[in-house]
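Asker: Build me a structure from this.
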Amino acid sequence: MMTLCLRYSKNREEAEEVLQDGFLQMYKCIGQFKNKGSFEGWLRKIMINCALQRYRGRSNQHSLISLNEEHQFLATEYDLIGKLTEKELIRLIQTLSPAYRMVFNLYVFEGMKHREIASLLNISVGTSKSNLSDARKFLMKQLLPELKIAR
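Answerer: All right, here's what the predicted structure looks like:
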């Protein structure tokens, strides 16, 4: 669960707070677990909801990172992304703005559709799509120096 919380947080301290909030919520709601599905899946939803609540509570939740450059990458360059360790990937995701990080995590790791994400984050479907696209561009821009070295 800590890995999940790290992906939704900007740093380890915030992830630990989300994790703690999630476990407190789990203890409060343990009676609601009906043994339908896995306990891990149920707990995972609680952790994600705690991360989303923290995100919604921020005053700067709509701050975005402007992207001026667009880069075209060859398929072989994506191999570098596959070689990232879990810690490197989490660190990279944590550099995203909160808005981009939420959409990116919900779409890529949780498999949600843009309509679901838009509903959860109280944004439009178009904003969800735009944030995902911009998050991907930003992540690739962060990887650009490493891609140049790997060539």
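
Asker: Now tell me what touches the one helix or strand Glu14 maps to from outside.
Answerer: Per DSSP states H and E: Glu14 is located in helix 12-29. Residues from elsewhere that reach helix 12-29, judged by Cβ atoms under 8 Å, 6 or more residues apart in numbering: 1-2, 5-6, 8-9, 43, 46-47, 49-51, 53-54. No exception for glycine: its C-beta is placed from N, CA and C like everyone else's.

Asker: counting contacts, what elements does the host helix or strand of Gly126 pack onto?
Answerer: Element membership of Gly126, judged by DSSP H and E, is helix 125-150. Under the contact definition 3 or more Cβ pairs under 8 Å, 6 or more residues apart in numbering; DSSP states H and E, helix 125-150 sits against helix 78-82, helix 86-94, helix 98-104, helix 114-121.

Asker: wait, which of these is closest to Leu144?
Answerer: Closest of these to Leu144 is helix 78-82, at 10.3 Å (criterion: Cβ to Cβ).

Asker: Average pLDDT for the closest one, rounded please.
Answerer: For helix 78-82, mean pLDDT is 52.

Asker: how close does the spatially most central residue of the chain sit to Phe33?
Answerer: Centrality entry for the chain: nearest residue to the mean C-alpha point is Asn105, 2.8 Å, by Cα atoms, centre = their mean. Counting by Cβ to Cβ, to the nearest Å, the gap from Asn105 to Phe33 is 24 Å.

Asker: now swap in Arg136 and tell me
Answerer: With Cβ to Cβ as the criterion, Arg136 and Phe33 are 35 Å apart.
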